[in-house]
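Undergrad: This is a predicted model, with the sequence first.
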Amino acid sequence: MAFLGESCIEDINSDLRYLNLLANRYPTISSATTEIINLQAILNLPKGTEHFLTDIHGEYEPFVHVLKNASGVIKRKINDVFGNSLRSSEKKSLATLIYYPEQKLEIVLKEEENIDDWYRITLYRLIAICRHVSSKYTRSKVRKALPTDFSYIIEELLHEQPGREDKEEYYEEIIQTIISIDRAREFIIAISKLIQRLVIDRLHIIGDIYDRGPGAHIILDTLINYHSVDIQWGNHDILWMGAASGEKTCIANALRISARYANLDIVEDIYGINLLPLATFAIEMYKDDPCKEFIPKVNDQSVTTTEKSLMAKMHKAISIIQFKLEGEVIRRRPEFEMEHRLLLNMINYDEGTINLKGKTYKLKDTYLPTIDKKDPYKLTMEERNVIDKLVSSFRGSEKLQKHVSFLFSKGSIYLKANSNLLIHGCVPLNEDGSFMSMNIMGKEYKGKALMDKMESLAREGFFFKDKAEEKLYGMDIMWYLWTGKCSSLFGKD
């Protein structure tokens, strides 16, 4: 008599659940076979273009431009279609129209004497490009991408067959009617955006949307509305994800970087996070301190000297708070092996020096009024009050929570796509090339298992509401992912 093991029974139950789900979607043999035929045929279509972007760091203007021109793919498609039949200047003008249809049309309307003739020529050119970029997809997929207002018309024009005399007048009349009823401008905008969409089948963002540049929020709003995207988190992304969960060290680090690059506007104006408690504390504590080592890195002439001075004070205040908060986590999680970041106890406060790796250095800034040299990692009551209010603001920011929820829903530490491993930083290895391991909750993890475990814990840190201990560990892991030696998002070690 044979007996099934527990693992076999689990596999069978799993298969049955999967088959039941398939049966709900394809209830008949006919519907199932139709889908099989469709999927098998799709496998023989040309591969869709995939677009890879990384280290965007809040620079939304270059990001938007690269997204619109698909890193030059649209220009190549124009050249494929028109070859030597258009001058270089005409191809360039057509490419600009596809990238920025609204802006280009404003210029054309002012310069063109015979606008109807320009509309007719341009519409035919745009339709030819759209037909070319849509040819690698199924009709069903193209149909789903069509703009609602012009879906029927575009579909008809895309499937025009050159040389069919019996339908030539039909297609010509469609074009002429679009122009005569004054819808050419809207049609050009719609088909240009359709080309932008069809030219890229899938977008891969391989980390670091946040920090340094001023427009991470614009980038995320764009990605939320993008038709097909996945994200592999970078260490700067996980920092903001940890901050949104309420992890104090992540909040302090995110604010420090924002102050350093004069990007506090995104924190206060975009995400609605109240920085008044931090600003008030910084002004009171460092009112006579020039904080010259903390002056923000900014070339923007609109940032005044007074604003730079305030940012420098806030930068210094949150940096000291960050050192103290990191000390709490490092001592709470010895398995993180982060003792090298414990700096405050290395300072000789009487001599104004610090000892690092056996060498003594002179401090550039020795004015540290909030540090108790007997207990340097202890937060003052005022500092504790500031960070508690910031935690409340970060957790309460509706827009930040929306953006971070999107990063969790579309993102991961790594992704296997087309037999490639997409990952932001590195695969942590020992010097001999073996996988670096880490002890998490008494168990050793390495390689893929380590990345999977860290991702699972990070999700618990953000989503868990009632399980306090699990949530705290998950939040601590997010800070570790920002800067720990076994973090595949970091890699600087």
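TA: Yep, it's here.
Undergrad: okay, which residue is most central for this structure?
TA: I209 (4.3 Å; C-alpha atoms, centre = their mean).
Undergrad: Now do the same for that residue: its pLDDT.
TA: Looking at I209, its pLDDT is 96.
Undergrad: ok, now how distant is it from H217?
TA: For I209, the distance to H217 equals 10 Å [C-beta to C-beta, to the nearest Å]. Heads up, the C-betas are built off the backbone N, CA and C, glycines and all.
Undergrad: just A259 next, same as before
TA: In terms of C-beta to C-beta, A259 sits 17 Å off from H217.
Undergrad: and what of A184?
TA: From A184 to H217 the distance is 34 Å (C-beta to C-beta).
Undergrad: coming back round to it: quick one: classify the residue nearest to the centre of the chain as helix, strand or coil.
TA: coil (DSSP: H, G, I helix; E, B strand; the rest coil).
Undergrad: check contacts around it.
TA: Neighbouring residues of I209 by C-beta atoms under 8 Å, 6 or more residues apart in numbering: I56, H57, G58, A216, I219, L220, L223, I231, G234, H236, D237, L407.
Undergrad: out of the residues you listed, which one sits closest to R120?
TA: Ranked by distance to R120 (C-beta to C-beta), those are led by L223 at 36.1 Å.
Undergrad: which stretches of the stretch 201-350 of the chain form strands?
TA: Applying DSSP state E, counting those that start in this stretch to the stretch 201-350 of the chain gives strands spanning 202-205, 229-232, 347-348.
Undergrad: Now render those as CSV, adding mean neighbour count.
TA: As requested, the strands of the stretch 201-350 of the chain are exported to CSV (neighbours: other C-beta atoms under 10 Å):
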stretch, mean neighbour count
strand 202-205, 20
strand 229-232, 20
strand 347-348, 15
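Undergrad: With respect to D452, which of the ones you listed lies nearest?
TA: The nearest among the strands of the stretch 201-350 of the chain, by C-beta to C-beta, is strand 229-232 at 13.8 Å.
Undergrad: So which elements touch the closest one?
TA: Contact here means 3 or more C-beta pairs under 8 Å, 6 or more residues apart in numbering; DSSP states H and E; on that basis strand 229-232 packs against strand 202-205, helix 398-410, strand 411-412, strand 414-417, strand 420-423.
Undergrad: Save those as CSV, and put in mean pLDDT and distance to S302 too.
TA: Listed next are the helices and strands packed on strand 229-232 as CSV, based on pLDDT from 0 to 100; distance: least, C-beta to C-beta, whole Å:
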stretch, mean pLDDT, distance to S302
strand 202-205, 94, 29
helix 398-410, 97, 24
strand 411-412, 96, 33
strand 414-417, 94, 40
strand 420-423, 94, 38
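Undergrad: Please produce TSV containing the ones you listed, extended by distance to T49.
TA: Shown next, in TSV, are these (distance: least, C-beta to C-beta, whole Å):
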stretch	distance to T49
strand 202-205	8
helix 398-410	19
strand 411-412	22
strand 414-417	13
strand 420-423	15
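Undergrad: Quick one, which of the ones you listed gets closest to K378.
TA: Short answer: helix 398-410, nearest of the helices and strands packed on strand 229-232 by C-beta to C-beta, at 29.3 Å.
Undergrad: Cool, thanks, signing off.
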